[in-house]
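> Next one to model:
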Amino acid sequence: MRQEIELKLTPKQASSEELYKPIIAKMLKIEEKSITYLRILRKSIDARKGNVVVNLQMLVVYSEPTPKHSEFEPHFDFPDVHQRQRVIVVGSGPAGLFAALRLIELNLKPIVIERGKQVQERKCDIDLLENNEKMTPESNYCFGEGGAGTFSDGKLYTRSHKRGNVDKIFKLLRFHGANEEIMYDSHPHIGTDKLPEIIVNIRKTIEKAGGEVHFNTKVTDFIIENEKIKGVVCGNKEFLGEAVILATGHSARDIYELLHQKQVLLEAKGFAVGIRIEHPQELIDAIQYNSTSSNKYLPAASYKLVTQIEGRGVYSFCMCPGGYIVPAATGEKEIVVNGMSPSERNSPFANSGIVVEVRYEDLTDYHQYGALAGLRFQQYIENLAFNNGGHGLEAPAQRMHDFVNGKLTPTLPEVSYKPGIVSSPIHFWLPEIISSRLQKAFEVFGKTMNGYLTNEAVVLGVESRTSTPVKIPRHPETLQHVQISGLYPCGEGAGYAGGIASSALDGERCASMIALWLRNKL
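Residues are numbered from 1 along each chain as shown. Reported below is the predicted structural model:
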């Protein structure tokens, strides 16, 4: 017999099957030995009332043979597309890779073009970056196989369920090597230590089916005739296809510049800029779990904060429990910081972006740049951080309480950011539309989370790549660019997603619309 049940357990009870199996047997009034299989369907943690409760939704199989594990594992069969119509996919981030997989499912041949290197080579460049030795503009935390998602926390939760089947995205990730936990955790994540192998497995699937993946291949021009895109130029080589999916991510600024030069319609859009803050993980655990002592059965605690300050949203972004702060710059003379966590989330630090909403009307000094106004402001902020940092990629830093009170920090504690930090009056040089709102928001957050506002925390500058400040407009129904036929702006870089799951969903949507468009053309 098979039955789904819901349990409310202590963290210790939920930590192993050995502990919760007898509880299930008692609940169902059956003998424990009659249970042949248990599977977690959903898992969440509730710490709102002081005593932490773990909610489990379980599938219980009893009084029948043990089912095969393969019955519950996702499986995909991809057709051979070697001789099928070609579709160019620019970018190998989540949007580009999942677009390629969907194209294959629809019997189309993806030609994936990636400016950066394969994962293993990219790792070497990231090591140099973290050791503050060398910045490689085409191979870093943003560019290379898998895009910015490869060396990220791998957070998968999204509000984008209306855009497509997010469960299928999880199944595809599981099929390519992700841990089973992503299928049932309420806030699933993969971990930066697991993602590279998964990305390589996805590439192997694409190539085995007949798709192509080209590395170290940077788009330098678009082939557009009579407002119809024919393909792309990469140096001295052309790639032609029936359509082009543009999935270049939010840091491919040269693509926006190229489109602007070619008078392809772009739009300015809202974005957010701020800092990344790091606390001791023990402090965040104590606040969130309402406890002064650690609990080995609980994961590193996270948080989500949001408020309104002077008509603009201020909120936490990409919170990384048990994580690290990393250098996310893609060019010379810029400092950009971001966060990531390994799958175990076992770093002694917790970090999060705290960012302020920026609108086009806030950027009056940049309106001369039209749709690229926000891009220019981003560049200005990142250059400010570089000029107020130390040697190379050493980031400007300030203790949290000092930032709020406008004081210089004389000494800084240890942080997770490997290139190093230097004391800097971030409150002073960060534009006031950002710094003043952050200062007031930190006071609000200190009341929301008692103990959050502390000089044990360190503020690092700057967090500027939360999303693209430029939107590449497309028809809401066909998803084609409003001006260029056959061009499909896609994912974060085009302004239609934010994060791995929503980007992957948008990639799938674009691929599906291309298949429909090509069928209608016949």
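
> where are the low-confidence patches of this protein?
Along the chain, segments meeting pLDDT under 70 span 158-164, 292-294, 522.

> Tell me which stretches of it form helices.
All helices of the chain, identified by DSSP state H, fall at 17-28, 94-105, 119-130, 166-175, 195-209, 253-261, 281-288, 373-387, 400-405, 426-429, 432-448, 491-494, 500-521.

> Kindly export the first one (C-alpha atoms) in CSV.
Spelled out, that is helix 17-28. Provided in CSV are the C-alpha atoms of helix 17-28 (Å, rounded to 0.1, in the frame of the first residue of the first chain):
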residue,chain,number,x,y,z
GLU,A,17,15.1,7.6,8.7
GLU,A,18,16.1,5.5,11.7
LEU,A,19,14.5,8.1,13.9
TYR,A,20,11.3,9.0,12.0
LYS,A,21,10.4,5.5,10.7
PRO,A,22,9.0,4.4,14.1
ILE,A,23,7.1,7.6,14.4
ILE,A,24,5.5,6.9,11.0
ALA,A,25,4.7,3.3,12.0
LYS,A,26,3.0,4.5,15.1
MET,A,27,1.0,7.2,13.3
LEU,A,28,-0.3,4.7,10.7
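
> Just the buried residues of it, please?
Residues of helix 17-28 classed as buried under the neighbour-count rule (16 or more other Cβ atoms under 10 Å) are Tyr20, Ile24, Ala25, Leu28. In this view, the C-beta of every residue, glycine as well, is placed from N, C-alpha and C.

> by contact count, what packs against it?
Here helix 17-28 touches strand 2-9, strand 35-46, strand 53-62, going by 3 or more Cβ pairs under 8 Å, 6 or more residues apart in numbering; DSSP states H and E.

> what do you get for the longest one?
Using 3+ Cβ pairs under 8 Å, 6+ apart as the contact definition, the elements that helix 500-521 packs against are helix 94-105, helix 166-175, strand 243-246, strand 487-489, helix 491-494.

> what angle separates the second one from helix 195-209?
Between helix 166-175 and helix 195-209, the angle formed by their directions is 90 degrees, by axes from the mean of the first three to the mean of the last three Cα atoms, to 10 degrees.

> what residues does helix 166-175 touch?
Under the contact criterion Cβ atoms under 8 Å, 6 or more residues apart in numbering, helix 166-175 has outside partners 73-76, 98, 101, 156, 158, 160, 178, 180, 182-183, 188, 190, 198, 202, 501, 504-505, 508.

> May I see the PyMOL selection of the buried members of those?
Only the buried entries of the contacts of helix 166-175 go into this PyMOL selection, using 16+ other Cβ under 10 Å:
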select buried, resi 98+101+156+158+160+178+182+183+188+190+198+202+501+504+505+508
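
> Throw the helices and strands packed on helix 500-521 into CSV and include distance to Lys521, thanks.
Below are the helices and strands packed on helix 500-521 laid out as CSV (distance: least, Cβ to Cβ, whole Å):
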stretch, distance to Lys521
helix 94-105, 16
helix 166-175, 27
strand 243-246, 10
strand 487-489, 15
helix 491-494, 23
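
> for those, which one sits closest to Ser302?
Smallest distance to Ser302 across the helices and strands packed on helix 500-521 (Cβ to Cβ): 19.2 Å, for helix 166-175.

> surely Leu505 meets Ala497?
Yes. Using Cβ atoms under 8 Å, Leu505 makes contact with Ala497 at a distance of 7.2 Å.

> sorry, back to before: and the helices of the chain: which comes nearest Tyr297?
Comparison of those against Tyr297 by Cβ to Cβ identifies helix 17-28 as nearest, at 9.9 Å.

> The helices and strands packed on helix 500-521: which one's closest to Gly420?
Comparing the helices and strands packed on helix 500-521 under Cβ to Cβ, the one sitting nearest is helix 491-494, at 28.8 Å.

> Now do the buried residues in the closest one.
Across helix 491-494, burial judged by 16+ other Cβ under 10 Å covers Gly491, Glu492, Gly493, Ala494.

> Tell me which two in the residues you listed are the farthest apart.
Most distant of the buried residues of helix 491-494, by Cβ to Cβ, are Glu492 and Ala494, 7.5 Å apart.

> what sits in contact with each of the two?
Among the neighbours of Glu492, those also in contact with Ala494 (Cβ under 8 Å, 6+ apart) are Thr468.

> circling back: can you redo the helices of the chain as CSV with distance to Ala247?
Output for the helices of the chain, formatted as CSV (distance: least, Cβ to Cβ, whole Å):
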stretch, distance to Ala247
helix 17-28, 41
helix 94-105, 4
helix 119-130, 18
helix 166-175, 15
helix 195-209, 14
helix 253-261, 10
helix 281-288, 34
helix 373-387, 18
helix 400-405, 36
helix 426-429, 33
helix 432-448, 29
helix 491-494, 5
helix 500-521, 6
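
> Show me the one of those helices that comes nearest Val314.
Each of those was scored for nearness to Val314 using Cβ to Cβ, and the closest is helix 432-448 (3.9 Å).

> Using PDB, write down the CA coordinates of the closest one.
Coordinates of each C-alpha in helix 432-448 appear next as PDB, following Å, rounded to 0.1, in the frame of the first residue of the first chain:
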ATOM      1  CA  GLU A 432      23.800  59.400  -1.500                       C
ATOM      2  CA  ILE A 433      20.700  57.900  -3.200                       C
ATOM      3  CA  ILE A 434      22.200  54.500  -2.300                       C
ATOM      4  CA  SER A 435      24.100  55.100   1.000                       C
ATOM      5  CA  SER A 436      21.500  57.100   2.900                       C
ATOM      6  CA  ARG A 437      18.800  54.500   2.100                       C
ATOM      7  CA  LEU A 438      21.100  51.700   3.100                       C
ATOM      8  CA  GLN A 439      21.900  53.400   6.400                       C
ATOM      9  CA  LYS A 440      18.200  53.800   7.300                       C
ATOM     10  CA  ALA A 441      17.300  50.300   6.100                       C
ATOM     11  CA  PHE A 442      20.000  48.800   8.300                       C
ATOM     12  CA  GLU A 443      18.300  50.400  11.300                       C
ATOM     13  CA  VAL A 444      15.000  48.900  10.300                       C
ATOM     14  CA  PHE A 445      16.500  45.500   9.700                       C
ATOM     15  CA  GLY A 446      18.200  45.700  13.100                       C
ATOM     16  CA  LYS A 447      14.700  45.900  14.700                       C
ATOM     17  CA  THR A 448      13.300  43.200  12.400                       C
END
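
> which other helices and strands contact it?
Here helix 432-448 touches strand 271-280, strand 306-309, strand 312-320, strand 349-358, helix 400-405, helix 426-429, going by 3+ Cβ pairs under 8 Å, 6+ apart.

> go with 6 Å
On a contact count with 3 or more Cβ pairs under 6 Å, 6 or more residues apart in numbering; DSSP states H and E, helix 432-448 meets strand 306-309.

> ok now the strand it packs on, how far from the chain's centre?
22 Å (Cα atoms, centre = their mean, to the nearest Å).

> Use 50 as the first number for this chain going forward.
From this message on, residue numbering opens at 50, which makes the last subject strand 355-358.

> In that strand, which residues are buried?
Neighbour-count burial for strand 355-358 flags Thr356, Ile358 (criterion: 16+ other Cβ under 10 Å).

> what helices or strands is it leaning on?
In this structure, strand 355-358 packs against helix 481-497, with contacts taken as 3+ Cβ pairs under 6 Å, 6+ apart.
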